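**Q** sequence and predicted structure below; questions after.
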Amino acid sequence: MVFTRIVTAIATIWLATTIAFVFLRVLPGDPVSAQAGEAGVTSSQVQRQRELLGLDQPVWVQYANYWLGITNGDWGTSLYTGLPVTIMLAQQALPTIQLATTSIIIATIFGFSMGYVAALANTAFLRRTATLLIDLSLAIPIYWTGTLVVFLVAYMVDDLRSQLWIPAMVLGFHVSSSLARIVYTQLQDAVQQPYVVVAHARGLQPTVIRQRYILRPILVTILPAVVLQFGYLLSGTVITETIFQRTGIGTVLLRATLQQDYPVVQGVVFAMAIIYVILTTIANVLATLLDPRLRLNQQHA
Amino acid sequence: MLNNLRALRPLTWVLIVWLVIFIVLPSFVTSGSPTQTHPDEQLLLPSAAYLLGTDYLGRDIWSRLLFGGQNTLIQASISTAIAVAIGTILGLASAMSFPVLDRALLALINAALAIPGLLLALVSLTLLGRGSIALIVAIGITQIAPVALIVRMAAKQAQLTDYVLASYAMGASVLHRTHAHILRAILPLIRTYALIVFGYAIMNGAALAFLGFQSPGTPDWGVMLADARNSFRLAPWPAIPPGIALIVTMILLNRIAIRLDRR
């Protein structure tokens, strides 16, 4: 069981990195000639640069070299800054991690409350307002809210770049929408379950029913869903960091893409694949811990 | 066909009309050019001459909104077609083939899903560069794996239905079974999911255009929003129309997808 999981995890990281490698080598275009076109350098210089980067070698040799480097902790060197990719990413990791964790906390609180109110609030007015808010938050592009918020807040805050809470609120609001949707549908399902109806018929306290019969079972679905929002969160940080002019991995990635600095892009994919696999594992373990049925299945298997 | 049309609910009609406005109308209605700059008429408020005002280069926002919608929506449609076609073929191939190939394809699909959508698009854009075609390909690529995963799952379920098993017992070929039974059985699901993919394509396409991957100046809702940031402190109104247009499109798509999903 554990063994298969580890094998799958490693295979996923390897395959994801390989997909990125193939994209970055097979798609039309060549980083060096693109650079050369801009700077107007001679063709012999281009040739030397290609040799330096190993781009003149067959693709499979480049591929083997890439993995050899990875095993030595060498993720390649940026074509622009000349810095090792590992150092570039490590330097910029902190602001992104801060933004991402703050956002996910806000998203969890906000998403859970919106979904809860939309499904279980006492008055129809509250339920409808919350549903509308969820619909809206799913439809509004983050680059639009971000732009509006920058505009509104610019008058109140002196240095927007040093703020963490404002961008985190914007990003958190957007990540919360899909969470709210999940909470909402799960709660609606849960309320109609036979055991909930029976609990009502037996005359249990409504608060007891909510805590024990409705909320507890749906946590099993929701907590892993929170963990898996990560992909969306990363896309969100790219846009949020750009709008709020923050430093971080998102900014590094965007600049690398625009400059065709493919070793950096490749490095970000590798890091993301590792983080994704770790998070899916956490999500699986969480689900198993929370859901007795899954635990039972594993003991029998 | 006519019966199909009659069965459409009002909301779907609203969506169709909305899409037609942006895809067909620009060529007929606006007199203004979406790219013509008017250096002496920058950042004008809405007026009779410029229905929605002008942007920081003095371009007519109303015609940029219409032509931008045309670009944004046509790009998203092509990306969706690419993603759904390739994803369906991969998903069916995975579900219908030998277990070894199925597992290999599934591993590949899962690995692609380990790369967040926007990151995968950025990977493709590293070498594809900028412009409409680069965006269409990049956005199409990101949605192939999710489509393939869903098609594979649905096809696996359809394989277990009695009529498919009967067809297998009668010696029908794999191709016949796939085409005549399984594809037909999962078509409604593909249609619903195509709508969701279309929504992602619009949202992500505009996001990437916003981030600078569309050729500058092109009328495109994402580019319009990015341009609006240049003048936001002086004049916030150029940011409003493309934002509202995107939101209305997404709300319509989400509503219809949710309703189709419930059936």
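**A** Cool, the structure landed.

**Q** only C-alpha atoms for contact and neighbour calcs from this point on.
**A** Will do.

**Q** got the residues of chain B near chain A?
**A** Proximity of chain B to chain A (C-alpha under 8 Å from any C-alpha of the partner chain) is limited to residues B:107-108, B:110-112, B:114-120, B:122-129, B:203, B:207, B:210-211, B:213, B:225, B:229, B:232-233, B:239, B:243, B:246-248, B:250-251, B:254.

**Q** which of the residues you listed are buried, as a ChimeraX select command?
**A** A single ChimeraX command selects the buried members of the residues of chain B next to chain A (16 or more other C-alpha atoms under 10 Å in any protein chain shown):
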select /B:107,108,110,111,112,114,115,116,117,118,119,120,122,123,124,125,126,127,128,129,203,207,210,211,213,225,229,232,239,243,246,247,248,250,251,254
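
**Q** what distance do you get for residue A:5 to residue A:223?
**A** Distance, residue A:5 to residue A:223, using C-alpha to C-alpha, to the nearest Å: 20 Å.

**Q** comparing those two, which residue is more hemmed in?
**A** residue A:223 (17 against 11; other C-alpha atoms under 10 Å in any protein chain shown).

**Q** give me the pLDDT for the more buried one.
**A** Reported pLDDT at residue A:223 in the predicted model: 81.

**Q** list the contacts of the strand or helix carrying residue A:69.
**A** Per DSSP states H and E, residue A:69 falls inside helix A:59-71. Identification of contacts with helix A:59-71 by C-alpha atoms under 8 Å, 6 or more residues apart in numbering or on different chains yields A:21, A:25, A:54, A:55, A:75, A:76.

**Q** please convert those residues to a markdown table, extending it with neighbour count and pLDDT.
**A** A markdown table is the format used below for the contacts of helix A:59-71 (neighbours: other C-alpha atoms under 10 Å in any protein chain shown; pLDDT from 0 to 100):
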| residue | neighbour count | pLDDT |
| --- | --- | --- |
| A:21 | 22 | 88 |
| A:25 | 17 | 78 |
| A:54 | 14 | 71 |
| A:55 | 17 | 72 |
| A:75 | 22 | 88 |
| A:76 | 20 | 86 |
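
**Q** turn those residues into JSON lines, including secondary structure and distance to chain B.
**A** JSON lines is the format used below for these (DSSP: H, G, I helix; E, B strand; the rest coil; distance: C-alpha to the nearest C-alpha, whole Å):
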{"residue": "A:21", "secondary structure": "helix", "distance to chain B": "9"}
{"residue": "A:25", "secondary structure": "helix", "distance to chain B": "8"}
{"residue": "A:54", "secondary structure": "coil", "distance to chain B": "17"}
{"residue": "A:55", "secondary structure": "coil", "distance to chain B": "14"}
{"residue": "A:75", "secondary structure": "coil", "distance to chain B": "16"}
{"residue": "A:76", "secondary structure": "coil", "distance to chain B": "16"}
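
**Q** and which of these is nearest residue A:273?
**A** residue A:21 (12.9 Å; C-alpha to C-alpha).

**Q** residues from the stretch 101-250 of chain A in reach of chain B?
**A** A:135-136, A:138-141, A:143-144, A:147, A:151, A:231-232, A:234-235, A:239, A:242.

**Q** pLDDT check: weakest of the residues you listed?
**A** Lowest pLDDT among those: residue A:231, with 70.

**Q** give me the nearest residue to it, chain neighbours excluded.
**A** residue B:116 (4.7 Å; C-alpha to C-alpha, 6 or more residues apart in numbering or on different chains).

**Q** contacts only, for that neighbour.
**A** Contacts for residue B:116 (C-alpha under 8 Å, 6+ apart) come out as A:231, A:232, A:234, A:235.

**Q** mind running it again at 10 Å?
**A** A:229, A:230, A:231, A:232, A:233, A:234, A:235, A:269, A:272, A:273, A:276, B:142 (C-alpha atoms under 10 Å, 6 or more residues apart in numbering or on different chains).

**Q** which strands or helices does the helix or strand harbouring residue B:137 pack on?
**A** Applying DSSP H and E as the criterion places residue B:137 in helix B:132-159. Packing partners of helix B:132-159 (3 or more C-alpha pairs under 10 Å, 6 or more residues apart in numbering or on different chains; DSSP states H and E): helix B:61-96, helix B:99-113, helix B:117-128, helix B:162-169, helix B:183-208.

**Q** would you convert these into JSON lines that also reports mean pLDDT?
**A** Output for the helices and strands packed on helix B:132-159, formatted as JSON lines (pLDDT from 0 to 100):
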{"stretch": "helix B:61-96", "mean pLDDT": "92"}
{"stretch": "helix B:99-113", "mean pLDDT": "90"}
{"stretch": "helix B:117-128", "mean pLDDT": "88"}
{"stretch": "helix B:162-169", "mean pLDDT": "82"}
{"stretch": "helix B:183-208", "mean pLDDT": "91"}
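
**Q** for residue A:252, find the nearest of those.
**A** Closest among the helices and strands packed on helix B:132-159, using C-alpha to C-alpha: helix B:117-128, at 11.9 Å.

**Q** ok, how many other residues are close to residue A:194?
**A** Residue A:194 has 10 nearby residues by other C-alpha under 10 Å.

**Q** let me see the contact set for it.
**A** By C-alpha under 10 Å, 6+ apart, residue A:194 lies in contact with residue A:200.

**Q** how near is it to residue A:214?
**A** Plainly put, residue A:194 is 11 Å away from residue A:214 if you go by C-alpha to C-alpha.

**Q** which neighbours do those two share?
**A** Going by C-alpha under 10 Å, 6+ apart, no residue sits against residue A:194 while also sitting against residue A:214.

**Q** quick one: the strands in the stretch 101-250 of chain A?
**A** For the stretch 101-250 of chain A, applying DSSP state E, counting those that start in this stretch gives no strands.

**Q** quick check: mean pLDDT across the helix or strand encompassing residue A:274?
**A** Element membership for residue A:274 (DSSP H and E) is helix A:262-290. Averaging pLDDT along helix A:262-290 gives 86.

**Q** so what's the residue count around residue A:130?
**A** 22.

**Q** mind listing the helices in the stretch 151-300 of chain A by residue range?
**A** A:165-191, A:194-201, A:206-208, A:216-228, A:230-243, A:249-258, A:262-290, A:292-300 (DSSP state H, counting those that start in this stretch).

**Q** who wins for proximity to residue B:138 among those?
**A** Closest approach to residue B:138 among the helices of the stretch 151-300 of chain A is made by helix A:249-258 (12.5 Å; C-alpha to C-alpha).
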